[in-house]
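Student: Curious how this folds, go ahead:
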Amino acid sequence: MTSTREEVEIGYDISNEFFRLWLDERMHYTSAVYDEKNTTLEQAQVNKSRILADFAEVKPDSLVLDVGCGWGANLEYLVLDRKVKNAHGITLSRAQHDEIKARKLPGVTTWCVDYKDFQPAQPYDGLVSIEMIDHLVSPAQQQEGLAIPIYREYFNKLAKWVKPGGNFGFQAILRNRVPRTRKDLEDLKFTADVIFPGGLNPRLEELVAAAGQSWEILQLHTRRVDYGKTTAEWHRRFLMHEKEIRPKWGEKIWHDYDRYLSTCVRAFANHWSSDVQMKLRRID
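Tutor: Sure thing, here's the model as predicted:
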């Protein structure tokens, strides 16, 4: 099964204001994509959304669904920057859903629902999903050999939500190499068990095997270096707000997130983790 609502809310529902302190202005909580023109976190996050919208072949008259839409950062990009008239989103976090409603984005409709329970009223022209698939498989399920079947169920289900020939801009965190020291292993386990309980980052080969039944992979780009830059900037901004975070949210939150963010920076630098973006087209 996917991560439960309770497990998801451990990772995302501390406080919208807490995350607003160290994420970008729109509150993307996923890897940005840097290049020569997009050098700040804010610019690189918009660039990420642009790439995925291009992968989904989004147009102003497209009906688009963001699967795992977070606090609405990508939905905001779609309706304000790409001028999409109707953009939908689903999230399992109540705090994130409240944030989206508070933004009052024109043309945006969202549901607080598990993707397995979501029933589209009509087929979509395109889909976007950004690092939501990391919540689908538990470590125990992976050890039982269930990862690819669960990912395949996800890809097959989403394929039924789009029109024939529909496109999908997909992004996921990846697990790569296994660290060789006890401390590094403990820090990664802490991140998985305490910050994001119930989930597991997939391996690239698992996603390729799972997607191929319903989707043709047209483009694939790994973003390990970009995610390293993204998490380093998150950590820098987090540390800048120490005097506000410690008294307001407590010592445990401060130390947990300092450990988590510094672990992320090391994970991408040392190839323990990576990130992937794919342009997928439904096989008809």
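Student: how far away is residue 71 from residue 210?
Tutor: According to C-beta to C-beta, to the nearest Å, residue 71 and residue 210 sit 27 Å apart. C-beta coordinates here come from the backbone N, C-alpha and C atoms, glycine included.
Student: my bad, residue 21
Tutor: According to C-beta to C-beta, residue 21 stands 36 Å off from residue 210.
Student: what about those two, which has more around it?
Tutor: Neighbour tally, residue 21 and residue 210, criterion other C-beta atoms under 10 Å: the higher count belongs to residue 210, 22 against 15.
Student: Just the element for the more buried one, please.
Tutor: Assignment of secondary structure by DSSP states H and E places residue 210 within helix 204-211.
Student: ok, now which ones touch residue 122?
Tutor: Residues in contact with residue 122 (C-beta atoms under 8 Å, 6 or more residues apart in numbering) are residue 63.
Student: make that residue 146, sorry
Tutor: residue 137.
Student: run the last query once more with 10 Å
Tutor: 137, 138, 140, 153 (C-beta atoms under 10 Å, 6 or more residues apart in numbering).
Student: can you check residue 258 too?
Tutor: 235, 238, 239, 242, 245.
Student: any idea of the pLDDT on the closest residue to the fourth one other than its chain neighbours?
Tutor: Right, residue 242. Distance criterion C-beta to C-beta, 6 or more residues apart in numbering; nearest residue to residue 242, sequence neighbours excluded, is residue 254 at 7.1 Å. Residue 254 is assigned a predicted lDDT (pLDDT) of 96.
Student: Okay, and residue 254 sits in which element?
Tutor: Residue 254 belongs to helix 242-269 when elements are defined using DSSP H and E.
Student: Only the buried residues of the longest strand anywhere in the chain, if you could.
Tutor: Taking residue count as the measure and DSSP state E as the definition, the longest strand of the chain comes out as strand 162-175. Going by neighbour count (16 or more other C-beta atoms under 10 Å), the buried part of strand 162-175 is 162, 166, 167, 168, 169, 170, 171, 172, 173, 174, 175.
Student: partners of that strand, with directions?
Tutor: Here strand 162-175 has these sheet partners by DSSP bridges: strand 124-130 (parallel), strand 273-282 (antiparallel).
Student: and the helix or strand hosting residue 217, what does it pack onto?
Tutor: Under the assignment given by DSSP H and E, the secondary-structure element containing residue 217 is strand 215-222. In terms of contacts (3 or more C-beta pairs under 10 Å, 6 or more residues apart in numbering; DSSP states H and E), strand 215-222 is packed against helix 41-55, helix 147-159, strand 162-175, helix 204-211, strand 273-282.
Student: Restricting the selection to alpha carbons, write that strand to CSV.
Tutor: As requested, C-alpha coordinates have been extracted for strand 215-222 and formatted as CSV (Å, rounded to 0.1, in the frame of the first residue of the first chain):
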residue,chain,number,x,y,z
TRP,A,215,4.2,4.2,-21.3
GLU,A,216,6.9,4.7,-23.9
ILE,A,217,9.9,6.5,-22.4
LEU,A,218,10.7,9.3,-24.9
GLN,A,219,13.3,11.2,-22.8
LEU,A,220,15.2,10.4,-19.6
HIS,A,221,17.4,12.8,-17.6
THR,A,222,19.1,12.2,-14.3
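Student: tell me the angle of that strand relative to helix 41-55?
Tutor: Angle of strand 215-222 versus helix 41-55, following axes from the mean of the first three to the mean of the last three C-alpha atoms, to 10 degrees, is 160 degrees.
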